[in-house]
Every structure is written in C-alpha cells, then in structure tokens.
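> Predicted model and sequence follow; I will ask about them next.
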Amino acid sequence: MESNVFHLQYAIDTFYFLVCGALVMWMAAGFAMLESGLVRAKNTTEILTKNVALFAVACTMYLVCGYAIMYGGNIFLSGMGEVDVAGVLGEYAERGDFEGGSIYSGASDFFFQVVFVATAMSIVSGAVAERMKLWAFLVFAVFMTGFIYPMEGAWTWGGADVFGMYNLGDLGFSDFAGSGIVHMAGAAAALAGVLLLGARKGKYGPNGEIRAFPGANMPLAALGTFILWLGWFGFNGGSVLKLGDVASAHSVAMVFLNTNAAAAGGALAALITARIMFGKADLTMLLNGAIAGLVVITAEPSTPSPLIATIWGALGGVLVVLSIVTLDKLRIDDPVGAISAHGVCGLLGLLLVPITNDGATFSGQIIGALTIFIWVFVASLIVWGILKAVMGIRVTEEEEYEGVDLSECGMEAYPEFVSSK
C-alpha cells in the first residue's frame, strides 16, 4: 500500500513540475508579444526572431553544459536513463514520510530549470532592441545561457561556494523562485549590453530632452503582459517543487494567491503613480507595474500574507515608474523598461525576503545580490566588449533608420502598412 502511495506521489510531483515548466515556457511568448508591441513597427520581425532563436539557444546550451555547471552531471551525453524504482523507493523509505522532500523525475527537473534560463535571456532582448545586430545578440546568448547564468545558479540554487570562498546559503541568502537569480541577472546582462551599445539615434536631444518612441502595437504589449502574468504561476508555483502532500498543496495555493495579489498591486500602483507624475493613465507603465509586482514577489511568495504581497507588489509598481524615468534621465536607453522591471525590482524583492522569512538575513540578501550582479554584469561586459571588437554589436545608422527588420531579417512585420517607394 505504501509503495502504491509513493508511486502516486512521484507521478503527481513529476506531472506538476512538467505542467509548471510548460507555463514558464509560455512566458517566452509573453516576452515576444510584449517586446514586439513596445518597439517600432520597423523592428518587429527582428525582435520576434530574437525571442524564438534565444529560446532555442538557451535550451541547447543548458542541455550541453549549463545544467552540468549548475547542478553537476552531464545529461547531454548520458541522459537521465530509466527510473531506478528500487533506489528511489529506498530513499523514500529512509525518509519515512511524505514531508521529507521532493520526489520527481530528474528529466522534469531539467525541463523546469531550462525554461528559467530562457527567461533570463529574454530580459536582455528587450533592453537592447532596435539597434543591436541579431547575430551578435545570439552569440552572447550562447555565453549567457551556457556559462554566465549557470555559474551564479550554481552558487545559489546549486549550493556551491562562490569561487570556493563562501556559500550564499550559509550567509542567510534566500531567493525562492529567482528575483535575483533569474530576473536581476538578466537585467545585469542587459545593462552591460546597453552601456556598450549606446542609445537609439534621436532618443535624446542635445539639450537634454527625452523623445518618446511609441511602440507599434499596444494590443500585443497588453497580451504579452497577460501571458507573462499567467506563466508566472508556473514560475513561482513550480518552485515549491512538489504537490503530492497536504502541506505542499497548501503552499502552492498560497504562492498562486500571493503571486496574483502582487501583480495586481503593482499594476494599480504604477497606474496611479503615472497619473500623478504625467497626468495620464500610461498603459506602458501599467504593464510594467504588473511585471514589477510579479518580479518582487518572486523572491518570496510563500511566507507573506496576501495583504503583504499586495503591498510588496505596489512598492514594485511605484519603483518601476521612478526607475524608468531615472534611467531615461541618465540616458540609459531601455525601450521596454526591462532593466527597471526585472533588475531594480528584482533587488527590491530580495531585500524584502527577511521581513517574512526568518531563514533569510538582510546581510545575506545584500551579499547575494552583490554577488549575482557583479558576476553577471562584469562577465557580460567582457563578452559584449569582445563581440564589439570582433564583429560589432550595433547596426549602422542607416540600417537603424530604415529598421533592423530589413537589414537583419529581410522582411517586414506589417508590409501592407508601408507605402511603396
């Protein structure tokens, strides 16, 4: 009887992991739609190409070497093999109860982890949009998903010491689903690229004025945000790692509830902040506010009450508006607000964790955040710098003016709306 119950728990936990992984994979569509909606029409095909291609690159590189760096064991050559039923049953028997840990297929763990890698790389895509060479971006994606991300992932979720010096977990660092490990890391890589790339032509005037470059398709941007909102339930919910017992099922429900509450709080706070600052209901700020709330709660969605989750999301919603405005004043050109929503709000999420999670410390969170940011930013800066010297990372001024769709992809996303010459 006990063996049959174990088999059922194994099946439930594995299936839950796979479904959550599929939801996170669906976030790739959300990023593609959000970014294609926020860029100008002449750059739409290229941003879509980047999002599909980067997902394929991430899946391949994490399979080849990323997972081995992060967790050990190269599944690319050996695979997961067949399930050792006796071995797993023995491990379960040693624990003696259903609460001792997660029980799921190793293949499902890889699938769940690989879509997180793609999410981190998707963040970079929007920040460097409209002026970066497609192939330079994809070469960077190889290094980001195959080495840079897996290294900091090994120091956090993998439990390895940072260059053999200290273990972040022992210092009181906690990041439930990746506010820092995934989102801030992606933003750090994006920031390094943006600094070397420079702003889009005409974005900033000689007298300090900031010119708006409206996105081409607001319905797509809104659809992308809703897709991300939905996919985030898999992102945070799957990070509970199991479903097959009462305590875990309750934890999953709370994570879903708090994730949704934070997104709503972030959206409303950003909308109100934009109304106060600009006098209008700014849709782009509303969308980024929802994402900001989701990023903030990702660091710890299981321990706050729904009220606290809403407040944390609202803090993210206010912060993302202020950050987007500040980066523009600093002439850091981020067409979709990715650095603010994922980076600045990812840091906020990490710093809020110790308020409700007594296993985390503020010093541990700060050291962990600095470790992640410095490693990813410096490593990315080096890779971007090499690419800039070897092949160039920015299209020509003429190509940027005409749109990278034609120069990089040879086709337009909306040809029927372009007048023939």
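The structure has been received and is ready for your questions. All values reported here derive from a predicted model rather than from experimental measurement. Numbering: from 1, shown residues only.
> use CA for all of it now, contacts and neighbours both
Fine.
> Need the nearest residue in space to residue 109, chain neighbours excluded.
The spatial neighbour of residue 109 that comes closest, neighbours along the chain excluded (CA to CA, 6 or more residues apart in numbering), is residue 17 at 7.1 Å.
> Who are the packing partners of the helix or strand encompassing the one you found?
Taking DSSP states H and E as the definition, residue 17 sits inside helix 2-38. Applying 3 or more CA pairs under 8 Å, 6 or more residues apart in numbering; DSSP states H and E, one finds that helix 2-38 contacts helix 44-61, helix 85-95, helix 106-127, helix 218-237.
> Same list, those, but as TSV with mean neighbour count please.
Supplementary listing: the helices and strands packed on helix 2-38 in TSV, determined by neighbours: other CA atoms under 10 Å:
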stretch	mean neighbour count
helix 44-61	21
helix 85-95	13
helix 106-127	24
helix 218-237	22
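> Ok, which of those helices comes nearest residue 133?
Residue 133 lies closest to helix 44-61 among the helices and strands packed on helix 2-38, at 9.4 Å (CA to CA).
> quick one: the closest one to chain centroid distance?
Averaged C-alpha coordinates place helix 44-61 at 14 Å from its chain's average position (CA atoms, centre = their mean, to the nearest Å).
> who touches the helix or strand following that helix?
Proceeding N to C from helix 44-61, the next assigned helix or strand is helix 67-71, under DSSP H and E. The contact list for helix 67-71, computed with CA atoms under 8 Å, 6 or more residues apart in numbering, reads 73-75, 110, 114, 147, 150-155, 158.
> Show me what the mean pLDDT comes to for stretch 324-332.
Averaged over stretch 324-332, pLDDT sits at 96.
> Please point out which parts of it sit buried.
By neighbour count, and taking 16 or more other CA atoms under 10 Å as the criterion, the buried residues in stretch 324-332 are 324, 328, 331, 332.
> Including distance to residue 42 and secondary structure, could these go into JSON lines?
JSON lines is the format used below for those (distance: CA to CA, whole Å; DSSP: H, G, I helix; E, B strand; the rest coil):
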{"residue": "324", "distance to residue 42": "23", "secondary structure": "helix"}
{"residue": "328", "distance to residue 42": "22", "secondary structure": "helix"}
{"residue": "331", "distance to residue 42": "23", "secondary structure": "coil"}
{"residue": "332", "distance to residue 42": "22", "secondary structure": "coil"}
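> Among those, which pair sits farthest apart?
324 and 331 (10.6 Å).
> Which residues belonging to the helix or strand encompassing residue 383 are considered buried?
Take DSSP H and E as the rule and residue 383 turns out to sit in helix 362-390. By neighbour count, with 16+ other CA under 10 Å as the criterion, the buried positions of helix 362-390 are 362, 364-369, 371-373, 375-377, 379-381, 383-385, 387-388.
> ok, now stretch 134-151?
Buried positions in stretch 134-151, judged by neighbour count with 16+ other CA under 10 Å: 134, 136-138, 140-151.
> Filter the residues you listed down to the ones in helices?
For the buried residues of stretch 134-151, membership in helices holds for 134, 136, 137, 138, 140, 141, 142, 143, 149, 150, 151, with DSSP state H as the criterion.
> Name the nearest of the residues you listed relative to residue 348.
residue 149 (20.1 Å).
> Return the residues in contact with that closest one.
By CA under 8 Å, 6+ apart, residue 149 lies in contact with 66, 117, 185, 376.
> what do you get for residue 327?
With contact set as CA under 8 Å, 6+ apart, residue 327 has these partners: residue 333.
> Distance from the chain centre to the helix or strand that contains it, please.
Secondary structure from DSSP H and E places residue 327 in helix 306-329. Using CA atoms, centre = their mean, we find the averaged C-alpha position of helix 306-329 to lie 17 Å away from the chain's own average C-alpha position.
> What mean pLDDT does the next helix or strand along the chain from that helix get?
Scanning forward in sequence from helix 306-329 by DSSP H and E, the next helix or strand is helix 338. For helix 338, the per-residue pLDDT values average out at 97.
> Give me the contacts around helix 338.
By CA under 8 Å, 6+ apart, the list of residues contacting helix 338 reads 123, 124, 126, 127, 187.
> mind running it again at 10 Å?
Contact partners of helix 338, identified using CA atoms under 10 Å, 6 or more residues apart in numbering, comprise 35, 122-128, 183-184, 186-187, 190-191, 288, 291-292, 320, 324, 344.
> Stretch 362-371 now?
152, 155-156, 162, 167-175, 179-181, 184-185, 346-355, 361, 372-377.
> These, buried ones only, as a ChimeraX selection?
Per 16+ other CA under 10 Å, the buried members of the contacts of stretch 362-371 correspond to this ChimeraX selection:
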select :152,155,156,162,167,168,169,171,172,173,174,175,179,180,181,184,185,346,347,348,349,350,351,352,353,354,361,372,373,375,376,377
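> Neighbours of residue 280, how many?
Using other CA atoms under 10 Å, residue 280 has 12 neighbouring residues.
> Likewise for residue 164?
A total of 8 residues lie near residue 164 under the criterion other CA under 10 Å.
> Report the separation between it and residue 155.
For residue 164, the distance to residue 155 (CA to CA, to the nearest Å) stands at 10 Å.
> Let's have the contacts of helix 67-71 in a markdown table, adding pLDDT and distance to residue 252.
Conversion of the contacts of helix 67-71 to a markdown table gives the following (pLDDT from 0 to 100; distance: CA to CA, whole Å):
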| residue | pLDDT | distance to residue 252 |
| --- | --- | --- |
| 73 | 71 | 29 |
| 74 | 71 | 30 |
| 75 | 70 | 29 |
| 110 | 90 | 20 |
| 114 | 96 | 21 |
| 147 | 97 | 31 |
| 150 | 97 | 26 |
| 151 | 97 | 28 |
| 152 | 97 | 26 |
| 153 | 97 | 23 |
| 154 | 96 | 25 |
| 155 | 97 | 25 |
| 158 | 93 | 22 |
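> How about the contacts made by residue 397?
By CA under 10 Å, 6+ apart, the neighbours of residue 397 are 131, 200, 201, 403.
> Now the first one: phi and psi?
Residue 131 has phi and psi values of phi -150, psi 0 when expressed as degrees, to the nearest 10.
> just to revisit the earlier point, out of the contacts of residue 397, name the ones that lie in helices.
Among the contacts of residue 397, no member falls in helices (criterion: DSSP H).
> which one among these gets closest to residue 281?
The shortest distance between residue 281 and any of these, using CA to CA, involves residue 200 and amounts to 25.5 Å.
> Tell me the secondary structure at residue 172.
coil (DSSP: H, G, I helix; E, B strand; the rest coil).
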